[in-house]
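Enquirer: need coordinates for the following:
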Amino acid sequence: MSDVIKNPCDAGVIQGRPAIRTTPAEAGPWVLAATILGSSMVFINGSTVNVALPALQMALASTVVDIQWVVNAYTLFLASLILLGGSLGDHLGRRRIFMIGVAIFAAASLWCGLAPTVNMLIVARAVQGIGGALLTPGSLAIISATFAEEERGRTIGLWAGFSALTSALGPLLGGWLIDTFSWRWIFFLHLPLAAIVLVISWWRVPESRDEQTSAGIDWWGAVLATLGLGGITYGLIESSTRGLAHPFVLTALIAGVTLLALLVVVEARAEAPLIPPGLFRSRTFSGANALTLLLYTALGGILFFLPLNLVQVQGYSATAAGAALLPTILLLSLLSSWSGGLMNRVGARLPLIVGPAVAAAGFFLFSLPGIGGSYWTTFFPATAVLGLGMAISVAPLTATVMSAVPAHYAGTASGINNAAARVANLLAVALLGIVMLQTFSHHLNEQVAALSLPAEAQAMIIRQRADLANLQPPASLNSEQVAAVEQVVAEAFVAGFRFVAYLTAGLALFSAVIAWFTIEAGVIGEADQAQIQEFR
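Expert: Coordinates of the predicted model:
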């Protein structure tokens, strides 16, 4: 067992709670149960919210920019504060911070479910992101602190597989809740899970922390990361409707870039930086995080626009749209343990080249369907191939990141890698949102002009371009004109979706190239270890 764990009998004495007589061997199953269920809350949240986007857009009369913020308000705080979450866990106790994160996440989920307006929902989603930032790095850090290094690859594989398995029914159940009751129930779904996680964590999970540090917490790093990413996110999302030359957009982008540049300077001089520069002296660690950024940007882009395509263009119900994602989730669930064990036999390099390359093929397959057709010949091949590629990639990638640094940096490494994944989602929704809207608008303008509609009706249609496929034909049109407009809107959306699919395939393929050049056959070498320790 990792030497960062304190005596398990002493670990129970927190804020006057009686000591738990739990041996490390007895703690293992409870640790897995708590971390798997806790992580599943985050996984379920991502998948069900994406499925709910069409219903949200309609119920709250929202534009595509509004629903981008519903996703990115959560992701922004998750991405920027997840580094702080890992650091707080290392300093103050990983179980303690994990439990606080679960409690905040549950309370914010209740707030999301009760939100009366889209603006209130966006605020509640931001608070939910804060909870996720404390919860997410803690789950992997607790596992790394509990299990010995030789067990870690397979254990993380089990964590990835079972976490995905518990959330496999998330999109399907979420879709059913949306169709049967309301989109609000996808947030209420987290409340019983959170209660179970808190009970298990309180009574059976041992505490651990980094005993080798006496430095403080890098609050300035957290503030700069949040404001810098927030500025860039605001600028990118608003540029899709305001234009890059708009003063608000330019100011936000310049401020965001400046603050992130300042973050680099602050981190290089901080006594206990959120992002220790020495960790990136490991080529494997740097390469794995670059791979994460590219691969998850691709994944985030497809998963944001796919439910909109399925529901608003293809005519799927929310339940059917959720079920459409099951091949990806099930393959990830069933094969993650195997791929974690595969890394122990052949090393990380081969799976991290092959996995993203297979995922790239899956992303490309999303570009082939048009409008209509059987699911089994349109979207099933893409979801299945993507699931296979991600299953090969996820467990080796996670284990590589966690094993490429000294054990006492477990929470920090987890936070950095999770931040890379969440920043990737921010970029996906913001940047690929620009691509989608511009492509959609271009095709819409051309095809609407060819319909010979009244000028007033054409102008009304063009003004709604930010609604994408939720665009409503003017009430003044007859039934034939309405059908023609609906067809044009659907074709314009498919054109944008295809362009997004091409870009995501390219990003995934590039991530495989990065793995080829940066991931060593072994996870971490003595030279990397010495350089990291020397920098520290």
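Enquirer: what helices or strands is the helix or strand hosting Thr258 leaning on?
Expert: Here Thr258 sits within helix 247-269, counting by DSSP states H and E. Packed against helix 247-269 by the contact rule (3 or more CB pairs under 8 Å, 6 or more residues apart in numbering; DSSP states H and E) you find helix 219-242. Bear in mind the C-beta positions are built from the backbone N, C-alpha and C, glycine included.
Enquirer: tell me which strands and helices the helix it packs on is in contact with?
Expert: Counting contacts by 3+ CB pairs under 8 Å, 6+ apart, helix 219-242 is packed against helix 64-92, helix 247-269, helix 410-449.
Enquirer: now the element after the longest one, going C-ward?
Expert: On the C-terminal side of helix 410-449, the nearest following helix or strand under DSSP H and E is helix 455-463.
Enquirer: touching that next one from outside, list them.
Expert: Residues from elsewhere that reach helix 455-463 (CB atoms under 8 Å, 6 or more residues apart in numbering): 441, 444-445, 448-449, 451, 453, 471, 473-474, 476-477, 481, 485.
Enquirer: CA atoms of it as CSV?
Expert: C-alpha atoms of helix 455-463 as CSV (Å, rounded to 0.1, in the frame of the first residue of the first chain):
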residue,chain,number,x,y,z
ALA,A,455,-38.5,38.6,-48.1
GLU,A,456,-39.9,39.1,-44.6
ALA,A,457,-40.1,35.4,-44.1
GLN,A,458,-36.6,34.9,-45.3
ALA,A,459,-35.3,37.5,-42.9
MET,A,460,-37.2,36.0,-40.0
ILE,A,461,-35.6,32.6,-40.7
ILE,A,462,-32.1,34.0,-40.9
ARG,A,463,-32.6,35.9,-37.7
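Enquirer: now do that helix against helix 410-449, angle only.
Expert: Angle, helix 455-463 to helix 410-449, by axes from the mean of the first three to the mean of the last three CA atoms, to 10 degrees: 170 degrees.
Enquirer: neighbours of Pro116, how many?
Expert: For Pro116, the neighbour count with other CB atoms under 10 Å is 8.
Enquirer: whoops, Ser452 was the one
Expert: Counted with other CB under 10 Å, the neighbours of Ser452 add up to 9.
Enquirer: same thing with the one 3 residues further on?
Expert: Counted by other CB under 10 Å, the residues lying close to Ala455 total 7.
Enquirer: okay, now the unreliable bits of the stretch 351-500 of the chain?
Expert: Scanning the stretch 351-500 of the chain for pLDDT under 70 picks out 410-411, 415.
Enquirer: one more time with 80, if that's ok
Expert: Along the stretch 351-500 of the chain, the parts satisfying pLDDT under 80 run over 402, 406-415, 418.
Enquirer: show me how this structure divides into domains.
Expert: 8-218+270-446+489-535, 219-269 (automatic domain parsing).
Enquirer: which stretch in these has the least confidence?
Expert: Lowest mean pLDDT within those: domain 8-218+270-446+489-535, a mean of 84.
Enquirer: tell me how far the helix or strand that contains Leu53 lies from the chain's centre.
Expert: Element membership for Leu53, per DSSP H and E: helix 24-59. From the chain centre to the centre of helix 24-59 is a distance of 11 Å (CA atoms, centre = their mean, to the nearest Å).
Enquirer: could you list the buried residues of that helix?
Expert: 27-28, 30-57 (16 or more other CB atoms under 10 Å).
Enquirer: re the thing from before, export the contacts of helix 455-463 to CSV and tack on neighbour count and distance to His408?
Expert: Formatted as CSV, the contacts of helix 455-463 follow (neighbours: other CB atoms under 10 Å; distance: CB to CB, whole Å):
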residue, neighbour count, distance to His408
Ser441, 17, 51
Leu444, 24, 55
Asn445, 14, 57
Val448, 21, 61
Ala449, 11, 63
Leu451, 15, 65
Leu453, 21, 66
Leu471, 23, 54
Pro473, 19, 61
Pro474, 17, 63
Ser476, 12, 68
Leu477, 18, 66
Gln481, 17, 67
Val485, 23, 61
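Enquirer: the residue nearest to Ala361 when sequence neighbours are not counted: neighbour count?
Expert: The spatially closest residue to Ala361, leaving aside those adjacent along the chain, is Val385, at 5.4 Å (CB to CB, 6 or more residues apart in numbering). Look at Val385: counted by other CB under 10 Å, it has 22 neighbours.
Enquirer: pretty sure Val385 is in a strand, no?
Expert: No: according to DSSP: H, G, I helix; E, B strand; the rest coil, the state of Val385 is helix, so it is not within a strand.
Enquirer: let me see the contact set for Ala270.
Expert: By CB under 8 Å, 6+ apart, the contact set of Ala270 is 218, 220-221.
Enquirer: where's the nearest residue to Ala424 once chain neighbours are set aside relative to Ala501, distance?
Expert: Once flanking residues are discounted, Ala424 sits nearest to Tyr296: 3.6 Å by CB to CB, 6+ apart. Per CB to CB, to the nearest Å, Tyr296 is found 16 Å from Ala501.
Enquirer: coming back round to it: which of the domains of the chain is buried the deepest?
Expert: When you average the neighbours per residue for each of the domains of the chain (mean count of other CB atoms under 10 Å), domain 8-218+270-446+489-535 leads with a mean of 22.
Enquirer: give me the nearest residue to the residue most central in space within the chain, chain neighbours excluded.
Expert: The residue lying closest to the centre of the chain (CA atoms, centre = their mean) is Arg422, at 4.8 Å. Computed as CB to CB, 6+ apart, the closest residue to Arg422 that is not its neighbour in sequence is Ala79, at 3.4 Å.
Enquirer: over to Leu335?
Expert: That would be Ala391: by CB to CB, 6+ apart, it lies 3.8 Å from Leu335.
Enquirer: can you name the residues that contact that neighbour?
Expert: Applying CB under 8 Å, 6+ apart, the residues contacting Ala391 are 331-332, 334-336, 339, 355.
Enquirer: in CSV, list these along with distance to Met402.
Expert: Formatted as CSV, the contacts of Ala391 follow (distance: CB to CB, whole Å):
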residue, distance to Met402
Leu331, 23
Leu332, 18
Leu334, 22
Leu335, 19
Ser336, 15
Ser339, 15
Gly355, 17
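Enquirer: return the member of these nearest to Thr398.
Expert: Checking the contacts of Ala391 against Thr398 with CB to CB, the nearest one is Ser336 at 9.4 Å.
Enquirer: I figured Ala141 hits Gly86, correct?
Expert: Yes: judged on CB atoms under 8 Å, Ala141 makes contact with Gly86 at a distance of 6.5 Å.
Enquirer: isn't Thr398 up against Ser139?
Expert: No: taking contacts as CB under 8 Å, Thr398 lies outside contact range of Ser139: 10.9 Å.
Enquirer: so the residue nearest to Arg422 makes contact with Leu427?
Expert: No: in this structure, Ala79 is not within contact of Leu427 by CB under 8 Å, at 9.7 Å.
Enquirer: just checking, what packs against the helix or strand containing Leu110?
Expert: Assigned by DSSP H and E, Leu110 belongs to helix 94-114. With contacts taken as 3+ CB pairs under 8 Å, 6+ apart, helix 94-114 sits against helix 24-59, helix 64-92, helix 118-146, helix 185-188, helix 190-204.
Enquirer: quick one: contacts for the nearest residue to Phe147 once chain neighbours are set aside?
Expert: Of all residues not flanking Phe147 in the chain, Thr155 sits nearest, at 4.8 Å (CB to CB, 6+ apart). By CB under 8 Å, 6+ apart, Thr155 lies in contact with 32, 143, 147, 340.
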